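Chemist: sequence unknown, structure follows:
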């Protein structure tokens with residue numbers, strides 16, 4: 001089955017396996033955990049001590065806590081990345097097997113904190129700095145090794161990595177970079 005919160009993909013089996021553990025929580029504790037996860041999305045490290053304080057240690061092992069936090073983080077981040085509406089998320093969570101109260105709690109936390117968490121995900125998404133490019137053109141008329149060449153050679157230095165290419169190779173590189181740039185611009189963010 002395909003889900004909007006997964007960008008039209010199926011939900012992973014490991015997440016489905018954690019739903020039974022998540023269902024053991026009260027809907028109020030689930031909402032508090034989801035709020036903590038959404039707050040932690042801005043930080044890179046998840047502090048499990050925060051979650052163990054919210055969860056009854058007699059009912060859950062540390063492994064259970066880590067599993068349910070991972071599953072909830074996965075669900076919330078997927079929903080944020082795919083900009084899913086609250087009603088769709090609630091419906092899809094119930095289709096996955098979440099009890100109605102649990103789906104509503106998770107959706108309420110998502111709705112209340114989605115904008116701030118989405119902005120944090122955008123700030124921390126993978127971005128490359130602009131490359132440092134230096135170039136020069138050498139026109140080689142002849143060489144003792146190769147005889148008469150009579151062709152320009154382009155010397156490139158990209159981020160400290162030097163290379164020399166012919167005009168034809170440079171045309172191929174340029175067309176491939178333009179195609180890649182066009183593909184990247186067509187990706188919905």
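Modeler: Yep, it's here. Only a predicted model underlies this, so the values are computations on that prediction, with no experimental measurement involved. Residues are numbered from 1 along each chain as shown.
Chemist: C-alpha only now, for contacts and for neighbours.
Modeler: OK.
Chemist: hmm, who's touching the lowest-mean-pLDDT helix or strand in the chain?
Modeler: Least confident helix or strand of the chain, by mean pLDDT, DSSP states H and E, is helix 48-54 with a mean of 75. Helix 48-54 has contacts (C-alpha atoms under 8 Å, 6 or more residues apart in numbering) with 29, 32-33, 36, 62, 65-66.
Chemist: Residue 16: what's it in contact with?
Modeler: Neighbours of residue 16 in contact, by C-alpha under 8 Å, 6+ apart: residue 96.
Chemist: Quick check: it is in a strand.
Modeler: No - Residue 16 is assigned helix when assessed by DSSP: H, G, I helix; E, B strand; the rest coil, not a strand.
Chemist: What distance do you get for it to residue 169?
Modeler: Between residue 16 and residue 169 the computed distance is 50 Å (C-alpha to C-alpha, to the nearest Å).
Chemist: Among the contacts of helix 48-54, which one sits closest to residue 23?
Modeler: Of all the contacts of helix 48-54, residue 29 has the smallest distance to residue 23: 10.7 Å, by C-alpha to C-alpha.
Chemist: how many other residues sit next to the closest one?
Modeler: A count of nearby residues for residue 29, using other C-alpha atoms under 10 Å, gives 16.
Chemist: ok, now residue 157?
Modeler: Quick note: residue 157 (other C-alpha under 10 Å) scores 16 neighbours.
Chemist: Please look at it and residue 137 and confirm they touch.
Modeler: No - assessed by C-alpha atoms under 8 Å, residue 157 is found out of contact with residue 137, at 11.9 Å.
Chemist: for residue 86, what are its contacts?
Modeler: 107-108, 110-111.
Chemist: Can you tell me which of the residues you listed is nearest residue 77?
Modeler: Residue 77 has its nearest neighbour among those in residue 110, at 9.8 Å by C-alpha to C-alpha.
Chemist: Tally up the residues packed near that closest one, please.
Modeler: When neighbours are counted by other C-alpha under 10 Å, residue 110 comes out with 24.
Chemist: Next up, the contacts around residue 104.
Modeler: Contact partners of residue 104, counting by C-alpha under 8 Å, 6+ apart, are residue 90.
Chemist: if we go to 6 Å?
Modeler: By C-alpha atoms under 6 Å, 6 or more residues apart in numbering, the contact set of residue 104 is empty.
Chemist: Now for it, which secondary structure element holds it?
Modeler: Using DSSP states H and E, residue 104 sits within helix 100-124.
Chemist: got the buried residues for that helix?
Modeler: Residues 101-110, 114, 117-118, 120-121 are the ones in helix 100-124 that count as buried (16 or more other C-alpha atoms under 10 Å).
Chemist: Just among the contacts of helix 48-54, which is most surrounded?
Modeler: Going by other C-alpha under 10 Å, residue 33 tops the contacts of helix 48-54 with 24 neighbours.
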